[in-house]
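Peer 1: Sharing a model that was predicted from the sequence below.
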Amino acid sequence: MHRVWSGFAIGAALLAAPAKAEKTAEYTFAYTAPPAATRPPGLRQWLDQDRTRFRRSVATEAAADRVEAGKGPYPFHRHEATRTWKVVTETPLLLSLSAETYHYTGGAHGGTAIEPLVWDKARSRRLDPRAMFVSADVLQRVLGARWCAWLPRERARRLGGAVADDTMFPCPKIAELTLLLGSTDRRAIDRVGLIAGQYVAGAYAEGMYEMNVPVSPELLAAVRPEWRGAFRVGR
């Protein structure tokens, strides 16, 4: 589970009830979106298409694995796939969403990934939050030092001791992280969530690493001019 939303003032009423899972001999599948995401027609259409694509890929992979299992000594394990969209925040200009996707294909454990989606309400189009900033290099310059100072402290807290220089898991660049756009007042974007997914910053058992930072004047300056009005400096 990702917790970065706790600072983004999400309304619980926006969350939809869990969808009933589809279950076949080869896979279990569920796809959930909140009511706020299904109101804009363009976004609702994109989510419908995303659900179809995701379900098709799950069914294809599970069917192939079942055939392969029939040729060898290892039994087939039913696949499991879920994608749950949640509202991070909604402002007059933007709807910020995040998807948590879990996929189990028969190994020791499943994997979870976090994906962002920003909906431009005026132009009825989907945006990558990274595209709202000038460049990856500028994001690294503005956020990189703070992220890499926070990460070893958080790893040490979870692991119960200081973490030596880790050659297997060096501090990931901002370009390797998931960016979520949030707001404390639902008027403008004033917070950014940085999420390192599984195996990005540490071993599987460590889970995901999430840092929630206010928009600074330097980060605001890194926003592309056409989007600067949708952001403000946070506290």
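Peer 2: Received it, and whenever you're ready, just let me know what you need. Here the structure is a predicted model, which is why all the values come from computation and not from measurement.

Peer 1: Going by C-alpha atoms from here, please, whenever you check contacts or count neighbours.
Peer 2: Fine.

Peer 1: what's the closest non-adjacent residue to the spatially most central residue of the chain?
Peer 2: When CA atoms, centre = their mean is applied to the chain, the residue found nearest the centroid is Ile114 (2.6 Å). With sequence-adjacent residues excluded and distances taken as CA to CA, 6 or more residues apart in numbering, Ile114 is closest to Glu100, at 4.8 Å.

Peer 1: what are the bridge partners for that neighbour, then?
Peer 2: For Glu100, the beta-bridge partners under DSSP bridges are Thr84, Ile114.

Peer 1: Make 28 the first number, not 1, from now on.
Peer 2: Okay, using 28 as the starting number, the last item reads as Glu127.

Peer 1: so it makes contact with Val114?
Peer 2: No. Between Glu127 and Val114 there is no contact under CA atoms under 8 Å: 11.4 Å.

Peer 1: Pull up the overlap in contacts between the two.
Peer 2: Here Glu127 and Val114 share no contacting residue, scored by CA atoms under 8 Å, 6 or more residues apart in numbering.

Peer 1: Next one, pLDDT for Asp192 please.
Peer 2: Asp192 carries a pLDDT score of 70 in this model.

Peer 1: Look at Glu127 and Val114 and report which has more neighbours.
Peer 2: Shown here are Glu127 and Val114; by other CA atoms under 10 Å, Val114 has more neighbours (26 against 17).

Peer 1: That one belongs to a helix?
Peer 2: No. If the criterion is DSSP: H, G, I helix; E, B strand; the rest coil, then Val114 is strand and not within a helix.

Peer 1: mind checking the longest helix of this structure?
Peer 2: Ordering each helix of the chain by length in residues (DSSP state H) puts helix 68-96 first.
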